[in-house]
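Visitor: Take a look and give me a structure for this.
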Amino acid sequence: MMKNNQLNGQAQPEAGLLYKGSSIINVSPEGRLVSIFSGAWLLGSAISKVDKKPVKSLLKLIGAGYLLYRGISGNSLVNGLLGKRKPDKHTRAVNIRTTIMIDNPREEVYYFWRQLSNLPVFMKHLQTVEEYDPLHSHWVVKGPGGIGTLEWDAEIVKEYPGEFLGWRSLPGSSIATAGRVTFMDIPGGGTAVDVMLTYRAPAGYLGSGLAWLLNPAFENMIVNDIKRFKYFMETGETAS
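Guide: As a prediction, this is how the structure comes out:
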């Protein structure tokens, strides 16, 4: 059988790089799920604000269309242009870092956080944190919009009372996660709280419904939760 570029006895021009990369699956199963979830979320956001922000909504619609195409087809045009022909084998980590200033004494802020079961009071993405003992705890996290949950056991790995707290998920957890919080005095009073959180779902687990973990909405939810911590500490009330 003749090759396509020799049909009818005539040499046919080579397909361009974009065309070559447009018919292959070059997105991992996890990446496809993330794209579909992100595209659907972006589509809903664009439709809800199309009257107030038509230009921005149009850009969101374009982005949503590409993400949905990427997720449904398994093909990334960007990867095709870059010559990438195989999907990623590893999921990326979600790294979140933020610093807030709280008008409360450092020791007070630290010891409230140190009682890990207090965290769901102001962190809406946390469903429960159950402390087994001073070092070990069980965490349950809700996805954006209440879609999906994650559970794992964690341990405190480093602690300087009143100043620093670090923890991580235990080996064998369905998600690798770690966090650390630093508490520092502010000249003139108050406390600076520096928070860093990392989440990484092992390859293969996203297909079980954890795609929302990599959605920007999840990162924004956690940042807003930390802002609610400031509000709660300063007022004693939970923010709406």
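Visitor: From now on I want contacts and neighbour counts done on CA atoms only, so please keep to that.
Guide: Will do.
Visitor: Please determine how far the residue lying closest to residue 225 once chain neighbours are set aside is located from residue 65.
Guide: Once flanking residues are discounted, residue 225 sits nearest to residue 123: 4.5 Å by CA to CA, 6 or more residues apart in numbering. Noted for residue 123: a distance of 32 Å to residue 65, by CA to CA, to the nearest Å.
Visitor: Then residue 139?
Guide: For residue 139 relative to residue 65 (CA to CA), the value is 35 Å.
Visitor: and if you look at residue 172?
Guide: 37 Å.
Visitor: of these two, who's got more company?
Guide: Set side by side, residue 172 and residue 65 show more neighbours around residue 65, with 17 against 9, by other CA atoms under 10 Å.
Visitor: Just want the phi and psi numbers for the more buried one.
Guide: For residue 65, the backbone dihedrals (degrees, to the nearest 10) come out as phi -60, psi -40.
Visitor: Could you list the buried residues of stretch 105-124?
Guide: By neighbour count with 16 or more other CA atoms under 10 Å, stretch 105-124 contains the buried residues 105-107, 109-110, 114, 116-117, 119-124.
Visitor: Let's see it as CSV, backbone CA atoms only.
Guide: Coordinates of each C-alpha in stretch 105-124 appear next as CSV, following Å, rounded to 0.1, in the frame of the first residue of the first chain:
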residue,chain,number,x,y,z
PRO,A,105,-0.5,38.5,70.6
ARG,A,106,1.6,35.8,69.0
GLU,A,107,1.2,33.2,71.7
GLU,A,108,-2.6,33.5,71.5
VAL,A,109,-2.6,33.1,67.7
TYR,A,110,-0.2,30.2,67.9
TYR,A,111,-2.0,28.2,70.5
PHE,A,112,-5.4,28.6,68.8
TRP,A,113,-3.9,27.2,65.6
ARG,A,114,-2.1,24.5,67.5
GLN,A,115,-5.4,23.0,68.6
LEU,A,116,-5.9,21.5,65.1
SER,A,117,-9.5,20.7,65.7
ASN,A,118,-10.1,24.5,65.7
LEU,A,119,-9.1,24.8,62.1
PRO,A,120,-12.5,23.9,60.5
VAL,A,121,-14.1,26.8,62.5
PHE,A,122,-12.7,29.3,60.0
MET,A,123,-11.4,27.0,57.2
LYS,A,124,-14.4,26.1,55.1
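Visitor: Number the chain from 9, please
Guide: With the count now opening at 9, the last piece we talked about shows up as stretch 113-132.
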